[in-house]
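Peer 1: Model the following, please.
(chains A and B)
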Amino acid sequence: MAVYRMMYAKVGPARFISHLDLLRTFGRAARRAGLPLAFTQGFNPHPKITFAAPLAVGIAGEAEFADLELTRKIPAPVVARALTGALPEGLSVLEVRLQRGSSPPLMAMVECASYRAEAKACGPVTGEELKDAIASFLSRQEILVERKNKEGKKVLRNLRPGIFEMSGKVDNDIIKIEAELKTGSSGNIRIEEVMEAFQKTSRLPVQGGYALFRTNLYTGAGKEKKMLWQS
Amino acid sequence: MDFLDQILPLVKKPARYAGGEWNAVRKDWESVEYRVAFAFPDVYEVGMSHLGLQILYDIVNRRTDTLMERVFAPWTDMEEIMREHGLPLFTLESRRPLLDFDMVAFTLQYEMSFSNVLNMLDLAGIPRESGRRTKGFPLVIAGGPCAYNPEPLADFIDVFVIGEGEEVIGELLDILIQLKRRNVSRQELLLELARMPGIYVPSLYRVFYDEDGRFSGIVPSLEGVPEKITKRVVKDLDRAPFPERPIVPSTEVVHDRIMLEVCRGCTRGCRFCQAGIIFRPVRERKPETLLKQAAGLVRSTGYEEISLTSLSTTDYSQVRELVKSLLDEHACQGLGISLPSLRADSFSVELAKEVQRVRRSSLTFAPEAGTQRLRDVINKGVREEDLLDATGAAFREGWHAVKLYFMIGLPTESDEDLDGIVKLAKAVLALGQKAGVSRGRLRVTVSVSSFVPKAHTPFQWEPQAPMAELQRKQDYLSKRLRERGIVFNYHDAGLSFLEAAFARGDRQLGAVLARAVDLGCRFDGWSEHFKLDRWLEAFRLTGLNPENYANHRYAYDAPLPWDHIDTGVSRQYLILEHQRALAGRVTGDCRTGSCPGCGVCGALEVEPVFAGGDWDGGL
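Peer 2: Numbers count the residues shown, from 1 in each chain, chains lettered A, B, ... in the order given. Got it, this is the predicted structure:
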């Protein structure tokens, strides 16, 4: 048995692959690539792949992380090449490293994620207006959104403490916003909720929604944040 | 950036519209001469489960001078957004609007998808009526089972392909490329195509009706246009083109596995079954061909399961040998095999037990009718003891749920036959109890659909039972099947009623269809969208009565709206079969060597092909 950590991108059409379908997609890719993927035991065996943090359907991931287990040791670059050659459009393995020794579960490591939101402006907007809109958004003590809890009850949640950073610029007529949000099992802020709340208050001239990208995942936050490579 | 990228996050299951799946082909638009959009008039998950799409996609994209891209009916949430933003219907591969293509090719698998065909043309900005489409618009063609009674769609489709697509598509594209180079008018193009075997160009025919508005005949309106269009058929299925690298959807679809087509056609001769007629004669692939194809498919798709598909897979001559070889070769890679339909006998249960690595919770059988008398009428070669043997074996082998499919409203059916369904269901339940299946888990599902008389079958002359009568029968069963362990479900009688009207409809129904789509009908096969009232309103506004179609009994000598479409099976045979049905006489299986005389082999110069070996007849 050998455990590998991989960094992969899920962009283009692949960003519409749901979390559950992604597991199946990697499983089939491994089979096409001839990689000896390890499977769970039981009536419905599934490949032993664990993802760092689920990504909502429609959001692109530019540097996502997952651990996968093979039944025998194969050089990491070979694994990366074989998988990439067998993945559908938009999915690619950027780097694979063999995990040595034990490491905390990948999911428990994640504390922060960086995002980018892009939309074509359908009316005039300047960089200053965007900066002002962001500043006024961040100046709020509370940014409340409604969420359904596990019992299906509606509860109010304050997004503001989980928004670590947010900035933006206008490139020609494309609005680009970058943000760092609290992520992981100890509290998770969703970029789609942040952007929805932002759009509601800022009323920038945008048709449809923002195209969303998760640009990286980190352990730690702010200046302390680190990539997810180390065990 | 593409506007679509901002739209897709707003809809349910955006993977339906994203494309980019494994093995999807995106060709350079400028490198080819002729561009085809394959249009499936249902949602992505249904369309991507259709083997015909994969076959044609492979053939057209293998050529260097043509390309094929895919488009599916957008779900209603997507349609709403597309209309709101004026986004025209686009293909998944290049995201180009359908208007950019030379051809839009629909497959017609089910009458109740006709509304989606029109709606998709609307969404594409293509005029619905073929007469309004000049040279600049794509040629709109259609094929598939429902093309065998093309008349309800005759106003909207330029060209119907009658028969098996892979046999026609190459020739059709060759001609179309030549015609495109010659830059001919639409009229000239249609006339040229009408001369091709298996091609029906409805605008080149005149239809007659008698004073009651009933169909009385159809004749070519131009010289050189054939009176009859005979179906095209693949003679050697073993050597027919076969997609070695099928598209693997990235999201779960209805049939999310390798589809290994072991044979085409069925020898059983059930008298209600249209597929049993139009796919004659039966043609089996050689086991060695299938093993080779399977090995290639496992490598090229990465699927974890192979489904042996056909109309009746347990009838495949070498099914046991094939299953054994497949398991020997692939089981170590964790690959499973599934059989989509089971014959009701213990051989089938044994086979199911052998193949099912992951035990599914239920097995499905289709006795279709509740009494031996009625099963003889429909020529369903299932005896009660076979079914009880099969279900008893299933329970003993560890299955705890069994599904039984029946039809109601079959010709000559009486309440005794309905009692037969109740009796059978209870007998099966008792077998489960006897086999010791726990009370909590034991389940017998009785699923009942309503008989729909279909064109080209021995029952094509029969009326459908009135809707109220179908509902009474459903109630009758429902009251008698209230028992712990039995689950009873049935199909909407209104939907079956409309299906019957269109299955034997004539060209006048085109106006009804157009009205219905204007009134908002779409996705009629989906119970959450089907609205009978809207359809009845469409009929009323058009001045037509659906009962005149669905509930009409045709005389043998009456002209039928589909008489000009020739399946190769003779009319005399269908009449004989109908008479034998009414007399309760069964007809033998053509597999046994005694030819029932349907006439297809002589008419089409084909032969049934069997893979040989020891066949466990089970008849």
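Peer 1: Every contact and neighbour count from this point should use C-alpha atoms.
Peer 2: Will do.
Peer 1: what's around B:P97, how many residues?
Peer 2: Using other Cα atoms under 10 Å in any protein chain shown, B:P97 has 18 other residues around it.
Peer 1: Relative to B:P197, how far out is it?
Peer 2: 31 Å (Cα to Cα, to the nearest Å).
Peer 1: A:I59 too?
Peer 2: From A:I59 to B:P197 the distance is 50 Å (Cα to Cα).
Peer 1: neighbour-wise, which of the two wins?
Peer 2: Neighbour count, other Cα under 10 Å: between A:I59 and B:P197, A:I59 has more, with 26 against 17.
Peer 1: now what about the longest helix anywhere in chain A, what contacts it?
Peer 2: Longest helix in chain A, counting residues (DSSP state H): helix A:19-33. Contacts with helix A:19-33, where a contact means Cα atoms under 8 Å, 6 or more residues apart in numbering or on different chains, come from A:36-37, A:46-47, A:49, A:54-57, A:82-83, A:85-87, B:250-252, B:298-304.
Peer 1: and what of stretch B:120-129?
Peer 2: B:41, B:73, B:83, B:88-90, B:97-99, B:118, B:133, B:137-138, B:155-157.
Peer 1: related to what we said a few turns ago, only the buried residues of the longest helix of chain A, if you could.
Peer 2: Across helix A:19-33, burial judged by 16 or more other Cα atoms under 10 Å in any protein chain shown covers A:19, A:22-33.
Peer 1: Quick one: the residues you listed as JSON lines, columns for pLDDT too.
Peer 2: Below are these laid out as JSON lines (pLDDT from 0 to 100):
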{"residue": "A:H19", "pLDDT": "91"}
{"residue": "A:L22", "pLDDT": "96"}
{"residue": "A:L23", "pLDDT": "94"}
{"residue": "A:R24", "pLDDT": "93"}
{"residue": "A:T25", "pLDDT": "95"}
{"residue": "A:F26", "pLDDT": "95"}
{"residue": "A:G27", "pLDDT": "93"}
{"residue": "A:R28", "pLDDT": "94"}
{"residue": "A:A29", "pLDDT": "96"}
{"residue": "A:A30", "pLDDT": "94"}
{"residue": "A:R31", "pLDDT": "92"}
{"residue": "A:R32", "pLDDT": "95"}
{"residue": "A:A33", "pLDDT": "95"}
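Peer 1: Out of those residues, the closest to B:R63 would be?
Peer 2: Nearest to B:R63, judged by Cα to Cα, of those is A:R32 at 25.1 Å.
Peer 1: Please, which helix or strand holds A:K200?
Peer 2: Assigned by DSSP states H and E, A:K200 belongs to helix A:191-202.
Peer 1: Now do whatever helix or strand B:K324 lives in: distance to the chain's middle.
Peer 2: Under the criterion of DSSP H and E, B:K324 resides in helix B:319-330. Centroid separation for helix B:319-330 versus its chain: 28 Å, with Cα atoms, centre = their mean, to the nearest Å.
Peer 1: Can you spell out which helices and strands pack onto that helix?
Peer 2: The contact analysis (3 or more Cα pairs under 8 Å, 6 or more residues apart in numbering or on different chains; DSSP states H and E) places helix B:319-330 against helix B:287-301, strand B:336-338, helix B:346-355.
Peer 1: from the buried residues of helix A:19-33, which is closest to A:K153?
Peer 2: A:H19 (24.0 Å).
Peer 1: How much space separates the closest one from A:L181?
Peer 2: Look at A:H19 and A:L181: by Cα to Cα, they are 20 Å apart.
Peer 1: Could you pull out the buried residues of stretch B:201-218?
Peer 2: Neighbour-count burial for stretch B:201-218 [16+ other Cα under 10 Å]: B:201-205, B:207, B:214-215, B:217-218.
Peer 1: residues near residue 43, how many?
Peer 2: All of this is about chain A. Neighbours around A:F43, by other Cα under 10 Å: 10.
Peer 1: that's the other chain; I wanted chain B
Peer 2: There are 19 residues near B:V43, going by other Cα under 10 Å.
Peer 1: May I have the residues that are in contact with it?
Peer 2: Contacts for B:V43 (Cα under 8 Å, 6+ apart) come out as B:16, B:72-75.
Peer 1: which one among those residues gets closest to chain A?
Peer 2: Among these, B:R16 lies closest to chain A (Cα to the nearest Cα), at 8.7 Å.
Peer 1: Quick check: what element follows whatever helix or strand the closest one lives in along the chain?
Peer 2: Applying DSSP H and E as the criterion places B:R16 in helix B:15-18. The first helix or strand that comes after helix B:15-18 along the chain, using DSSP H and E, is strand B:34-40.
Peer 1: Pull up the pairing partners for that following strand, direction included.
Peer 2: strand B:66-72 (parallel), strand B:103-107 (parallel) (DSSP bridges).
Peer 1: so is residue 56 in a helix, a strand, or just coil?
Peer 2: If you meant another chain, say so; for now it's chain A. Classification of A:A56 using DSSP: H, G, I helix; E, B strand; the rest coil returns coil.
Peer 1: other chain: chain B
Peer 2: helix.
Peer 1: cool, B:N119 as well?
Peer 2: helix.
Peer 1: Which positions in chain A make contact with chain B?
Peer 2: A:13-14, A:16-18, A:21-22, A:25, A:27-32, A:43-44, A:57-59, A:87-90, A:119-120, A:208-211 (Cα under 8 Å from any Cα of the partner chain).
Peer 1: Now do the helix holding A:K200: distance to the chain's middle.
Peer 2: 18 Å.
Peer 1: How about residues contacting that helix?
Peer 2: A:115, A:117, A:133-134, A:137, A:143, A:145, A:159, A:181, A:210, A:212.
Peer 1: pull the CA atoms of stretch B:24-40 into PDB?
Peer 2: C-alpha atoms of stretch B:24-40 as PDB (Å, rounded to 0.1, in the frame of the first residue of the first chain):
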ATOM      1  CA  ALA B  24     -16.000  13.300 -26.300                       C
ATOM      2  CA  VAL B  25     -14.700  14.500 -29.600                       C
ATOM      3  CA  ARG B  26     -14.200  18.200 -30.400                       C
ATOM      4  CA  LYS B  27     -13.100  18.600 -34.000                       C
ATOM      5  CA  ASP B  28     -11.700  21.600 -35.700                       C
ATOM      6  CA  TRP B  29     -14.800  23.300 -37.100                       C
ATOM      7  CA  GLU B  30     -13.100  24.500 -40.300                       C
ATOM      8  CA  SER B  31     -11.400  21.100 -41.000                       C
ATOM      9  CA  VAL B  32     -14.600  19.400 -42.100                       C
ATOM     10  CA  GLU B  33     -17.100  19.900 -44.900                       C
ATOM     11  CA  TYR B  34     -20.300  18.800 -43.200                       C
ATOM     12  CA  ARG B  35     -21.400  19.300 -39.600                       C
ATOM     13  CA  VAL B  36     -24.100  17.400 -37.800                       C
ATOM     14  CA  ALA B  37     -25.700  18.100 -34.400                       C
ATOM     15  CA  PHE B  38     -27.200  14.900 -32.900                       C
ATOM     16  CA  ALA B  39     -30.300  16.000 -31.000                       C
ATOM     17  CA  PHE B  40     -31.800  13.800 -28.300                       C
END
